[in-house]
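Q: Predicted coordinates and the sequence they were generated for:
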Amino acid sequence: DNIPEIMLTSLVSPVAENTPLGTAIALLNVKDRDSGDNGEVRLHMSPNLPFKFRNFQNHYSLVTDDLLDREKVSQYTVELFATDLGSPPLQTKMTILINISDINDNPPSFSQSSYNAQVKENNQPGALLCTVSASDPDEGDNSYLTYSIAQNQIQ
């Protein structure tokens, strides 16, 4: 009895976090050199993933089945299991990693909602008034921040 084989013929990685539902990200073939039930193969994957299979005979495409959010999960480990219908059934396992790439989908936020500074009347120009802090959960260029003063209010 031969064990089933899984062949990964194409893989898109990284996958953008705004990828539409139903987008194919991997193409697979499964086969078993046996005949009858021993040659019939079923493909399954690890549970609770935002992907599903579309299949035609022994050709499968792995497609997105839920929204992706890189800030929540930046990489998925997908375990694929090909099991034949023989007795006893034989199984093969393949693991693929799918990285999720960032889009600029989160606004930056300050660590405080407002900042107050006391300025002495004879303060030197260029002296430190206060320190502000902001962050952006996006990644790379999407997380770089530029600060500017929007208004100049004197009270």
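A: Received the coordinates, thanks. Numbering: from 1, shown residues only.
Q: alpha carbons only for contacts and neighbour counts from here, please
A: Will do.
Q: name the element the spatially most central residue of the chain belongs to?
A: Computing the C-alpha centroid of the chain and ranking residues by C-alpha atoms, centre = their mean puts I100 first, at 2.9 Å. Mapping I100 onto the secondary structure by DSSP states H and E places it in strand 91-101.
Q: Can you list the neighbours in contact with that strand?
A: 3-6, 12-17, 68-70, 73-84 (C-alpha atoms under 8 Å, 6 or more residues apart in numbering).
Q: again, but for stretch 39-46
A: When contacts are defined by C-alpha under 8 Å, 6+ apart, stretch 39-46 is touched by residues 4, 30-33, 58, 78-86.
Q: Could you check that stretch and say which residues are buried?
A: Taking 16 or more other C-alpha atoms under 10 Å as the neighbour-count basis, stretch 39-46 is seen to contain the buried residues G39, E40, V41, L43, M45.
Q: ok, now stretch 65-84?
A: Taking 16+ other C-alpha under 10 Å as the neighbour-count basis, stretch 65-84 is seen to contain the buried residues D65, L68, D69, R70, E71, S74, V78, L80, F81, A82, T83, D84.
Q: before we move on, the earlier item: please work out the average pLDDT along the strand holding I100.
A: This predicted structure assigns strand 91-101 an average pLDDT of 97.
Q: Strand partners (parallel or antiparallel) of that strand?
A: Taking DSSP bridges as the criterion, strand 91-101 forms sheet pairs with strand 15-16 (parallel), strand 75-84 (antiparallel).
Q: centre of the chain versus that strand, how much separation?
A: With C-alpha atoms, centre = their mean, to the nearest Å as the basis, strand 91-101 stands 12 Å off its chain's centre.
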